[in-house]
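Novice: Structure, please.
(chains A and B)
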Amino acid sequence: MSDLAALSNSFQNWYRFSRNPTAVIGLLIVVVAILAALLAPHITPYPDHVGAIVDFRNRHQPPSAAHWFGTDNVGRDILTRVIFGLRVSLMLAFVVLIIAVPFGTVMGLLAGYFGGWTEIVIMRLTDIALALPPLIMALAVAAVLEPSLMNAMLAIASLWWTWHTRLVYSMVRQIRALEYVEAAETLGASKVHILFREILPNCISAIAVKTSLDAGFVILIGASLSFLGLGIQPPTPDLGTMVSDGASFLPDYWWESLLPGSAILFVALGFNLLGDGLRDLFDVEDVR
Amino acid sequence: MSALLSVQGLSVSFTTYGRTAEVLKGVSLEVPQGAQVALVGESGSGKSVTMKAIMGLLQQPPARIHGGKIMFDGRDLLTLPERERVALRGTAMSMVFQDPMSSLNPVWTIEDQLTTILKYADRRLGRDRDRRGRRARVIEVLAQVRMRDPERVAGSYPIMLSGGMRQRVLIAMALLSEPRLLIADEPGTALDVTTQAQILKLLRDLVEAQGLALLMITHNLGVVRETSNYVYVMNKGEIVEEGPTAGLFEAPRQQYTRDLIAAVPRLTGRVAP
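Specialist: Residues are numbered from 1 along each chain as shown, chains lettered A, B, ... in the order given. From the prediction side, this is the model:
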């Protein structure tokens, strides 16, 4: 019976969501991008152009029927490389968020619920982390270790959790004062129960909105890093690297950097529109 | 008649920022088995602190209990180990919460919340009840609080219920594990007057039908009259007057009680032009 209620509820939610054109566009972009990235070897016209292939006869070809996005300075199909580049961008966002969101959420729950020294230590840590721009942090990590996708992801994730900590913290502060939490405490419920069954479910919608908005930002930061040559290393295609490589041939061979750049814009925009749509749907106000 | 709950000379003080305030000065009251007792007083008179001390919910510090006993069923709660204290809460003594809006978690259905509470109570009492047994008990108490369609209510989220229904869910919650003492902290204050009257009537009927002891904490003399047969009047941390409800309303002895009674708004006299 409650399943039925939940089901009709999800229909209502979908209806409300579908009335919001920007949100639907955002969802569409995100779904298309994810599908394209997953199916990349099957849908791209020249899958072997991912590697270190050189075809000088076809270099710097403008967009045409054979090469929709044109070719780069060694004659590789840009559309193919853009679609494979999406893989790296989405992977980066996925890995960063799958580390940062749960960790930040748990830290926020602990700081908000227990207060005292726990709160002081965690929240001052977030203050420090928020004072460091993630790009600078990633630069420093790449300089100390070596530039690679893994290091970039770890560097971004090590700072990114603090945003979620602050969000969850402020929500927990409000929720823990409510009577149902007090009632659970009165009845001797365990801390784990109170944190994860009473408080956390009330934060989920805000976390979902923030995570979706974050995905766009993380992709942008990842692209900036590889633009600077600190992300994934060639020949693996990456959108940021392609923009940077193509930039030296501007403005004559504009497609070489402009089209991969548009792809970055497109995906980041998709996640942001989706996040905005979810925010309207859940009616969450705390999230930027 | 031996009392189920007996508070003897309870003194509590609060210390904040180096200053100490005496909040309860030797409060004594008794709730006999199956009796309906009211504790009435204005805001700040110490009635909520008394209730919290009985339930064991005072945060210490800043609160400090420096005198008295709270005897429940022949045991002094103040010297009981914390584990046994927690075991009593929500089982032998339970509480009807005040605010029907914030006392239910919006993300779980009524059934989810009630079965969780029941599971915890069962665990503490060492009782064994399977999922179906818990669900049956939840439906049973929802029917006891006169829900017309307990099955549907069980599957609802709090937002789908009216204020009066939510308050009844809170009563059902308190009744779940067959308590012997029910402590009600101004139930229904957040509701409109007619709904509140229904809630109080329901509470009184339930308490009488199941032979529970009721301690009603309120500032509202109308509520006192409706739900109790014995009253304690509290002012500035002390019990200033006590007696059977009917007698107290007819012949209040203390000036403070007379003032309280005089302060009840009445629908008499002319309407101002």
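Novice: going forward, measure contacts between C-alpha atoms and count neighbours the same way
Specialist: OK.
Novice: Buried by neighbour count: which residues of stretch B:30-41 qualify?
Specialist: B:30, B:31, B:32, B:33, B:34, B:35, B:36, B:37, B:38, B:39, B:40, B:41 (16 or more other CA atoms under 10 Å in any protein chain shown).
Novice: how much space between the closest residue to chain A within the stretch 101-250 of chain B and residue A:170?
Specialist: The minimum distance from the stretch 101-250 of chain B to chain A, using CA to the nearest CA, falls at residue B:103 (4.3 Å). The gap separating residue B:103 from residue A:170 is 20 Å, by CA to CA, to the nearest Å.
Novice: out of the two, which sits in the more crowded spot?
Specialist: Counting neighbours by other CA atoms under 10 Å in any protein chain shown for residue B:103 and for residue A:170 shows that residue B:103 has the greater number, 22 against 16.
Novice: Am I right that that one is in contact with residue B:110?
Specialist: No - assessed by CA atoms under 8 Å, residue B:103 is found out of contact with residue B:110, at 11.5 Å.
Novice: residues of the helix or strand where residue A:101 lies that come out buried?
Specialist: Taking DSSP states H and E as the definition, residue A:101 sits inside helix A:78-114. Within helix A:78-114, the residues that count as buried by 16+ other CA under 10 Å are A:78-94, A:96-97, A:99-101, A:103-113.
Novice: quick one: average confidence on the helix or strand harbouring residue B:256?
Specialist: Using DSSP H and E, residue B:256 sits within helix B:255-262. Mean pLDDT, computed over helix B:255-262, is 78.
Novice: Output that helix in PDB with nothing but the alpha carbons.
Specialist: Extracted C-alpha coordinates of helix B:255-262, given in PDB (Å, rounded to 0.1, in the frame of the first residue of the first chain):
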ATOM      1  CA  GLN B 255      -5.000  33.800  45.700                       C
ATOM      2  CA  TYR B 256      -2.800  32.500  42.800                       C
ATOM      3  CA  THR B 257      -5.400  29.800  42.000                       C
ATOM      4  CA  ARG B 258      -8.200  32.300  42.100                       C
ATOM      5  CA  ASP B 259      -6.200  34.500  39.700                       C
ATOM      6  CA  LEU B 260      -5.700  31.600  37.400                       C
ATOM      7  CA  ILE B 261      -9.400  30.800  37.400                       C
ATOM      8  CA  ALA B 262     -10.300  34.400  36.900                       C
END
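Novice: Surely residue B:46 and residue B:23 touch.
Specialist: Yes - with contact defined as CA under 8 Å, residue B:46 and residue B:23 form a contacting pair (6.2 Å).
Novice: The two: which is more packed in?
Specialist: residue B:46 (24 against 21).
Novice: ok, now how distant is that one from chain A?
Specialist: Computed as CA to the nearest CA, to the nearest Å, the residue B:46 to chain A distance reads 20 Å.
Novice: and the helix or strand encompassing residue B:197, what other elements does it pack with?
Specialist: Using DSSP H and E, residue B:197 sits within helix B:193-210. Judged by 3 or more CA pairs under 8 Å, 6 or more residues apart in numbering or on different chains; DSSP states H and E, helix B:193-210 is in contact with helix B:163-175, helix B:221-227.
Novice: And the strands in the stretch 101-250 of chain B, which stretches?
Specialist: Using DSSP state E, counting those that start in this stretch, the strands of the stretch 101-250 of chain B run over residues B:181-185, B:213-218, B:230-235, B:238-244.
Novice: before we move on, what about chain A?
Specialist: Using DSSP state E, the strands of chain A do not appear at all; there are none.
Novice: which residues of it score low on pLDDT?
Specialist: Where chain A drops to pLDDT under 70, the residues are A:1-9, A:283-288.
Novice: Show me the helices in it, by range?
Specialist: Remark: helices assigned in chain A by DSSP state H are A:2-18, A:21-38, A:40-43, A:78-114, A:116-131, A:134-144, A:149-175, A:179-186, A:191-193, A:200-227, A:239-247, A:255-282.
Novice: could you check whether the fourth one is close to chain B?
Specialist: So that's helix A:78-114. No - judged by CA under 8 Å from any CA of the partner chain, helix A:78-114 stays clear of chain B, getting no closer than 14.4 Å.
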